[in-house]
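A.B. asks: Please find the sequence and the predicted model below.
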Amino acid sequence: MNSAAQNRAPEQKPGLVRGLSLLDSVLLIVGGVIGSGIFLTAKNIAQAVPTPSLFLLVWVVGGAITLLAAFAFAELGAMYPEAGGHYVYLREAYGEPVAFLYGWMITLVGATGGFAALAVAGAQYLGVLFPILSAKHRVATFAGHAITRPDLVAIAAVAIVTWVNVRGVRRGAVLQNVATWAKIGAIAAFVVLGAALGKGNWAHLDAVLPATAGHTSLIGFGVALIAVFWAYDGWVYLSWIGGEVRDAQRTLPRALVLGVALVGAIYLVTNLVYLYALPVSEIATSAQTTAATAAATLFSPRAANWLAALIAVSCFGALAAGIMSGARVYYAMAVDKVFFRKMAELHPRWRTPAFALVVQGVWTAILTVSGRYDQLYTYTLFMMVLSYVAGVAGLFVLRRTRPEVPRPYRCTGYPVVPALYILLGLAWAVNTVIAQPRETLAGIAIVALGVPVYVYWRWRQVRH
């Protein structure tokens, strides 16, 4: 048994409430993954892959690769249905230092930067509906960044979601379930009405955008996958909150596979409607978001307001799922005594990691007003994907080092499925280093900053 396992308190002792059902868990994945990415990334993807077939294929491939990881995480989740999820898997496979660096990345910007980006994006689209909340209204300046009314709306959204989640995991689940059902319903209306009544043309599926110089089809496909992986990010949220899932050893595997598959289906049909509305060349050059341009083409220019409402709701739903899950990573780190001890405390009445939730909300608000959240989150995406690769590789490590741990679910297609994900993930990483070396190095640097922090926490524990 490693030192972290010896030092941490038993999972049952803190009294986390296992209040999430299979439906809650599936909706958590769908709500956490589908944020703003499906509405904002199509332009970048069309610029990188020049044909409708490749444009759709990259979404299929991205979903299939994510599903490969989900199969592996399903076994890990059934083995360790604990708060922290992915952090716990890395700790058990590689030891505490590796797990800490993952938790450090999540804490600093990997999760909180994404939450800030979702909150601000949702608030900005809300400003389209209500001009009094638009970004043209400046309120103050913070560290050289102009604070606008959408920033204040974003902070308010973070505060409200945090407060609801402090008051109990069931309340948090109800909030994110309502937001997710609203999101699914709105997307379904867009897809069904667009395909049935919209003024599009299925001939757009045969159009070709001439390949741009300087991009081979392989590198271009890899660049497109960067945007797709960003759109799929968030499926790991369920692992983070695994300590509060009912009958977790059965529910986690089923929810991971069902949730990722459902997201993939939603993404594919949405992009099909985009192509029905617009030729791929127009998707690549549109001045507006693809979703807004497609809605205006299919219905009327007035549909932009309806689309803005959809994106605002979608961002809020993803924010609710993320805030609900993210604090459980800091809680697990604190239980392992490598983070502030107060983070390991649960509210005596609601049995939630209240302090961790509040700190997460405050740090997200600071990132929001800093104006740097989007750039920082982009930097960490490379390392986030590598952390998924490390998690899947940990399945092989644990099969060898922990054969005695019960495995209610064993990874489908093992060892081929997880090995394939590792190979594809590493190939994507190499492609990203070639295509975006600056962002890659920045992501590595952010994680490396956690090394002295871990040394400090270990020194502090030994001292006391």
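C.D. replies: On my side now, so go ahead. Small disclaimer: the values here were computed from a predicted structure and weren't measured.
A.B. asks: pLDDT below threshold where in the stretch 151-300 of the chain?
C.D. replies: Applying pLDDT under 70 to the stretch 151-300 of the chain flags residues 207-216.
A.B. asks: Helices along that one, start to end?
C.D. replies: Under the criterion DSSP state H, counting those that start in this stretch, the stretch 151-300 of the chain carries helices at the ranges 169-197, 217-232, 237-240, 248-277, 280-285, 290-298.
A.B. asks: other SSEs contacting the last one?
C.D. replies: Contact analysis of helix 290-298 by 3 or more C-beta pairs under 8 Å, 6 or more residues apart in numbering; DSSP states H and E lists helix 37-40, helix 42-48, helix 169-197, helix 248-277, helix 280-285, helix 303-335 as its packing neighbours. Where C-beta positions appear, they are placed from N, C-alpha and C, glycine not excepted.
A.B. asks: Kindly reformat those helices as JSON lines containing mean neighbour count.
C.D. replies: Formatted as JSON lines, those follow (neighbours: other C-beta atoms under 10 Å):
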{"stretch": "helix 37-40", "mean neighbour count": "22"}
{"stretch": "helix 42-48", "mean neighbour count": "24"}
{"stretch": "helix 169-197", "mean neighbour count": "18"}
{"stretch": "helix 248-277", "mean neighbour count": "21"}
{"stretch": "helix 280-285", "mean neighbour count": "20"}
{"stretch": "helix 303-335", "mean neighbour count": "26"}
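A.B. asks: what's the closest of the ones you listed to Leu28?
C.D. replies: helix 303-335 (5.2 Å; C-beta to C-beta).
A.B. asks: The closest one: how far from the chain's middle?
C.D. replies: In terms of C-alpha atoms, centre = their mean, to the nearest Å, the centre of helix 303-335 is found 9 Å from the chain centre.
A.B. asks: Same check on stretch 227-237?
C.D. replies: Remark: stretch 227-237 is offset 5 Å from the chain centroid, using C-alpha atoms, centre = their mean.
A.B. asks: Tell me the buried residues in that stretch?
C.D. replies: Buried residues in stretch 227-237, counted by 16 or more other C-beta atoms under 10 Å: 227-237.
A.B. asks: what do you get for stretch 416-434?
C.D. replies: Across stretch 416-434, burial judged by 16+ other C-beta under 10 Å covers 417-419, 421-422, 424-425, 428-429, 431-432.
A.B. asks: Any figure for the gap between Leu256 and Pro81?
C.D. replies: 12 Å (C-beta to C-beta, to the nearest Å).
A.B. asks: swap that for Met324, sorry
C.D. replies: When distance is defined by C-beta to C-beta, Met324 is 17 Å away from Pro81.
A.B. asks: what does Val263 give?
C.D. replies: Distance from Val263 to Pro81, by C-beta to C-beta: 22 Å.
A.B. asks: again with Ala135
C.D. replies: 43 Å.
A.B. asks: Looking at the two, which is more packed in?
C.D. replies: Shown here are Ala135 and Pro81; by other C-beta atoms under 10 Å, Pro81 has more neighbours (23 against 15).
A.B. asks: Surely the more buried one is within a helix?
C.D. replies: No - judged by DSSP: H, G, I helix; E, B strand; the rest coil, Pro81 forms no part of a helix; its state is coil.
A.B. asks: Excluding chain neighbours, what is closest to it?
C.D. replies: Of all residues not flanking Pro81 in the chain, Ala248 sits nearest, at 3.2 Å (C-beta to C-beta, 6 or more residues apart in numbering).
A.B. asks: isn't that neighbour right next to Leu238, touching?
C.D. replies: No - counting by C-beta atoms under 8 Å, Ala248 sits too far from Leu238 to count as a contact (9.8 Å).
A.B. asks: Between the two, which contacts overlap?
C.D. replies: In terms of C-beta atoms under 8 Å, 6 or more residues apart in numbering, Ala248 and Leu238 are both contacted by the residues Gly77.
A.B. asks: Report the mean confidence score over stretch 121-138.
C.D. replies: Average pLDDT, stretch 121-138: 86.
A.B. asks: Other residues contacting it?
C.D. replies: Outside stretch 121-138, the residues within contact range by C-beta under 8 Å, 6+ apart are 35-36, 40, 146-151, 153-154, 157, 304-305, 308-309, 311-316, 319.
A.B. asks: Okay, buried residues for that stretch please.
C.D. replies: Buried residues in stretch 121-138, counted by 16+ other C-beta under 10 Å: 121-128, 133-134.
A.B. asks: now for stretch 87-103, what's the gap between its first and last residues?
C.D. replies: End-to-end distance of stretch 87-103 (C-alpha to C-alpha, to the nearest Å): 6 Å.
A.B. asks: List the buried residues in it.
C.D. replies: Buried residues in stretch 87-103, counting neighbours by 16+ other C-beta under 10 Å, are found at 87-94, 96-103.
A.B. asks: hmm, who's touching that stretch?
C.D. replies: For stretch 87-103, contacts defined as C-beta under 8 Å, 6+ apart pick out 2-5, 73, 76, 80, 82, 84, 86, 106, 239-240, 329-330, 332-333, 336, 338-339, 387, 390-391, 393-395, 397-398, 401-402, 447, 450-451, 454, 457.
A.B. asks: picking that back up, compare the helices of the stretch 151-300 of the chain and give me the one nearest Leu22.
C.D. replies: Proximity to Leu22, assessed across these by C-beta to C-beta, is greatest for helix 248-277 (5.0 Å).
A.B. asks: centre of the chain versus the closest one, how much separation?
C.D. replies: Going by C-alpha atoms, centre = their mean, where helix 248-277 is centred and where its chain is centred differ by 14 Å.
A.B. asks: got the angle for that helix vs helix 169-197?
C.D. replies: 30 degrees (axes from the mean of the first three to the mean of the last three C-alpha atoms, to 10 degrees).
A.B. asks: Show me what helix 248-277 is packed against.
C.D. replies: Applying 3+ C-beta pairs under 8 Å, 6+ apart, one finds that helix 248-277 contacts helix 22-33, helix 37-40, helix 52-79, helix 169-197, helix 217-232, helix 237-240, helix 290-298.
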